[in-house]
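Engineer: Provided below are the primary sequence and the corresponding predicted coordinates.
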Amino acid sequence: MSIRVAAIVLTAMCLAPLTAQQPSAVSLVITNGIVVTVDGTRRVLNPGAVAIDGSTIVAVDTPAAVAGRYRAAETIDAGGKVVMPGLINTHTHAAMVMFRGLGNDLALMDWLQKYIFPAEAKTVSPDFVRIGTQLAALEMIKSGTTMFADMYYFEEEVGKVAKTAGLRGVLGQTVIEFPVPDAQTPADALKRTEAFAKMFDHDELITPSIAPHSVYTLDANTLTAVSELAKRLNIPIQIHLSETSAEIGMSQERHKQRPVAFLESLKFWAPTTLAAHAVWINDDEIALLKQRGVGVSNNPESNMKLASGTAPVMKYRQAGVNVGIGTDGAASNNDLDMFEAMRQAAFQQKLVTMNPTAISAGDAIEMATVAGARALGRNRLGSLAAGMLADLIIVDMSSPRQQPLFDPVAQIVYASRGDDVVTTIVNGKVLMRDREVLTLNEARVIAEARTAADLVRKAVQ
C-alpha cells in the first residue's frame with residue numbers, strides 16, 4: 001500500500017466515528033412529554049420523545065437519546081402533557097352530525113323509520129354531505145381522532161373533505177335495497193362504489209370501502225354481489241351486524257337463518273371485514289368471526305342510548321377477535337368524542353360482567369387505538385414505535401379534574417375529554433396546534449352547518 005493510500009485510509013478511519021455520531025435530520029420531534037406508546041409491552045416513557053421523519057415514526061426514546069440522534073426541522077415541547085397514538089373511530093356516519101339531536105329516546109327501528117330515513121330522503125345531497133363531514137372532521141380533529149371508519153351516501157364527498165382536513169379514513173359507500181339520495185337501486189350503489197374505489201385507489205389517507213347496510217335491508221343476491229366486488233377490488237367491507245335482538249328475528253324471518261350464519265352461507269367475508277355493533281352474537285358465532293378474521297366495532301354509547309344491548313366484548317377479546325371502539329353517528333350518540341366512548345366501553349363491560357378488572361384502562365386505550373387499527377386491517381397504525389405511521393395526539397393534563405396525576409393511562413381513560421387534546425398530527429402533518437385547527441376554517445364550517453340545519457328543520461316539520 002502506498003503512503004498516500006495509507007494516509008487516506010487512516011483519515012477515513014479517524015473520521016468515521018465522528019460522522020456516525022452526527023444527528024440525522026428529521027421533520028419533527030415531540031419531546032419532554034409523558035409518552036404512552038400502546039406498543040407490545042405498553043411502555044410509558046416519562047419523560048419521553050418521539051422522532052418523526054415525513055409520515056413515519058423513526059424513534060421513541062428518552063428526550064436525551066432522541067436529541068443525541070436526531071436534528072429536527074420542528075420541535076414541539078410536550079412537557080407535562082401526554083403524547084399518545086391518535087384515536088381510531090371504527091364506526092361512524094360522519095355527515096349525520098347534521099341530524100344530531102333529532103329523534104331522541106327511541107328504539108333503533110322507530111328512530112330510523114320515523115326520523116332518520118325520512119329526513120335523509122328530503123335533505124341529503126353531495127353538498128349536504130360535504131357540509132356535514134366538514135363539521136364532523138372539525139369535531140374529530142379537536143377531540144383527538146386521527147382515523148375514522150365511515151358508512152354513508154355520496155362517500156366521495158366524505159373522502160374529499162377528509163383529505164382536505166388531513167384525516168385518515170376507511171370510507172364505505174353504502175348499499176341498501178330501497179332508493180336513497182345517491183342510488184335508486186343496489187346496482188347503482190355498486191357502480192358508485194367502483195367509481196369511488198378508483199377515485200381513491202392507493203391514496204395515502206383514504207381507504208375506499210363498501211358498506212352493505214345490514215342483513216335486514218339487503219337480499220342474498222345483493223350481499224353476494226357486494227362480497228364479490230369487495231374481493232375483486234380488494235377493498236374492505238363494513239356492515240351493521242346483529243345490532244339488536246329485533247334484527248335477529250328479522251333475519252330468521254327473511255333468510256331463515258341468524259345474520260352470521262346467513263352471511264357465512266353466502267361466503268360473504270372479505271379479507272378485511274368490519275362488523276359494526278355485533279351485540280347479539282353467541283359463542284359459536286364468535287368462533288366463526290375469529291376464524292374468518294372479522295373485526296368488530298364496539299359502540300357502547302349508541303348501544304346504550306338506543307337500548308340495543310351490550311356487545312360481548314370480553315368474549316371477543318378472549319377469543320382473539322380484534323375489537324375497536326366506535327362512536328356511531330352523532331345522531332345516535334350524540335357526539336364524536338372517542339375519549340367518552342373509550343371510557344364507556346370500559347365502564348359498560350365492568351358493569352355487565354360485575355368484574356371491576358374487566359377492560360382495564362390499558363385495555364380501553366388499546367381498543368381505541370391499535371386494536372381498532374387491526375380490526376380495519378391497518379397494522380402500521382395505533383401505536384408509537386419505530387416504523388409506525390405518525391398519527392398521534394398531545395393531551396393537556398393541567399385541568400383541575402386531572403389533578404393529581406398518579407397514573408397517566410388511567411387518567412386518559414377515566415378523566416380526560418376530547419377538548420383536552422391540544423395537538424393532532426396525522427401522517428406526520430400537524431392538523432391542530434394549541435387548539436387551533438390548521439386545515440379547516442372553523443368559523444366557516446360552523447356557519448355552513450347552521451345554514452344546512454335549516455333544511456333539516458323544514459324536513460321534519
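Structural biologist: Ah, there it is. On a predicted model such as this, the values are computed, not experimentally measured, just so you know. Residues are numbered from 1 along each chain as shown.
Engineer: Thr75 - that's part of a strand, no?
Structural biologist: Yes. Assessed with DSSP: H, G, I helix; E, B strand; the rest coil, Thr75 lies in a strand.
Engineer: and it, how many residues sit next to it?
Structural biologist: Residues lying near Thr75 (other CB atoms under 10 Å) number 17. No exception for glycine: its C-beta is placed from N, CA and C like everyone else's.
Engineer: Now it: closest residue in space, sequence neighbours ignored.
Structural biologist: Val29 (4.9 Å; CB to CB, 6 or more residues apart in numbering).
Engineer: which residues does the one you found bridge with?
Structural biologist: Counting by DSSP bridges, Val29 is bridged to Ala51, Thr75.
Engineer: Give me the pLDDT for it.
Structural biologist: Model confidence at Val29, given as pLDDT, is 98.
Engineer: Then Gln113?
Structural biologist: pLDDT at Gln113 comes out at 87.
Engineer: so what's the backbone phi/psi at it?
Structural biologist: phi -80, psi -30 (degrees, to the nearest 10).
Engineer: and it, how many neighbours does it have?
Structural biologist: 11.
Engineer: distance of it from Leu306?
Structural biologist: 13 Å (CB to CB, to the nearest Å).
Engineer: Gly387 too?
Structural biologist: Gly387 is 40 Å from Leu306, by CB to CB.
Engineer: Those two: which has the busier surroundings?
Structural biologist: Leu306 (23 against 8).
Engineer: Contact partners for that one?
Structural biologist: Leu106, Ala107, Leu108, Trp111, Thr244, Ser332 (CB atoms under 8 Å, 6 or more residues apart in numbering).
Engineer: hmm, 6 Å instead?
Structural biologist: If you count contacts by CB atoms under 6 Å, 6 or more residues apart in numbering, Leu306 has them with Leu108, Ser332.
Engineer: where's the residue nearest to Gly172 when sequence neighbours are not counted, which helix or strand?
Structural biologist: Residue nearest to Gly172 in three dimensions, not counting chain neighbours: Ala211, with 3.0 Å by CB to CB, 6+ apart. Using DSSP states H and E, Ala211 maps to strand 206-212.
Engineer: And that strand, what's buried?
Structural biologist: Ile206, Thr207, Pro208, Ser209, Ile210, Ala211, Pro212 (16 or more other CB atoms under 10 Å).
Engineer: now those residues as JSON lines including distance to Ile393 and pLDDT?
Structural biologist: Formatted as JSON lines, the buried residues of strand 206-212 follow (distance: CB to CB, whole Å; pLDDT from 0 to 100):
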{"residue": "Ile206", "distance to Ile393": "20", "pLDDT": "98"}
{"residue": "Thr207", "distance to Ile393": "21", "pLDDT": "98"}
{"residue": "Pro208", "distance to Ile393": "25", "pLDDT": "98"}
{"residue": "Ser209", "distance to Ile393": "24", "pLDDT": "98"}
{"residue": "Ile210", "distance to Ile393": "29", "pLDDT": "98"}
{"residue": "Ala211", "distance to Ile393": "27", "pLDDT": "98"}
{"residue": "Pro212", "distance to Ile393": "32", "pLDDT": "98"}
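Engineer: Can you report how many residues neighbour Gly54?
Structural biologist: 13.
Engineer: ditto for the one 5 residues further on
Structural biologist: Counted by other CB under 10 Å, the residues lying close to Ala59 total 19.
Engineer: Ok, Pro85 next?
Structural biologist: Quick note: Pro85 (other CB under 10 Å) scores 31 neighbours.
Engineer: what's the closest non-adjacent residue to it?
Structural biologist: Thr369 (4.3 Å).
Engineer: ok, that neighbour to Val38 distance?
Structural biologist: Thr369 is 5 Å from Val38, by CB to CB.
Engineer: more crowded one of those two?
Structural biologist: Thr369 (29 against 23).
Engineer: Could you measure from Leu384 over to Thr272?
Structural biologist: Distance from Leu384 to Thr272, by CB to CB: 23 Å.
Engineer: Contact partners for Thr31?
Structural biologist: Applying CB under 6 Å, 6+ apart, the residues near Thr31 are Ala49, Pro63.
Engineer: just to revisit the earlier point, need the overlap of contacts for Thr369 and Val38.
Structural biologist: Pro85.
Engineer: Tell me the spacing between the residue nearest to Gly172 and Thr90.
Structural biologist: 13 Å.
Engineer: Then Asp335?
Structural biologist: Asp335 is 16 Å from Thr90, by CB to CB.
Engineer: again, but for Glu204
Structural biologist: For Glu204, the distance to Thr90 equals 20 Å [CB to CB].
Engineer: which of the two has more neighbours?
Structural biologist: Thr90 (32 against 11).
Engineer: residue contacts, that one?
Structural biologist: Ala149, Ser297, Gly324, Gly326, Gly372, Ala375.
Engineer: now the fourth one, nearest residue through space, not along the chain?
Structural biologist: Same thing as Gly326. Gly326's closest residue in space is His91 (CB to CB, 6+ apart), at 3.0 Å.
Engineer: Report the distance from whatever helix or strand the one you found lives in to the chain centre.
Structural biologist: Secondary structure assignment for His91, by DSSP H and E: strand 87-92. Counting by CA atoms, centre = their mean, to the nearest Å, strand 87-92 is centred 3 Å from the centre of its parent chain.
Engineer: which other residues reach the helix or strand just after that strand?
Structural biologist: Next in sequence after strand 87-92, counting helices and strands by DSSP H and E, comes helix 108-111. For helix 108-111, contacts defined as CB under 6 Å, 6+ apart pick out Gly103, Thr244, Leu306, Ser308.
Engineer: same check, this time on stretch 309-327
Structural biologist: 89-92, 278-279, 286, 289-290, 295-299, 333, 336, 341-342, 345, 348-349, 352-353, 358, 367-368, 371-372, 374-375.
Engineer: Likewise for stretch 357-370?
Structural biologist: By CB under 6 Å, 6+ apart, the list of residues contacting stretch 357-370 from outside reads 38, 42, 85, 87-88, 314, 323-325, 338, 342, 345-346, 349-350, 382-383, 409-410, 413.
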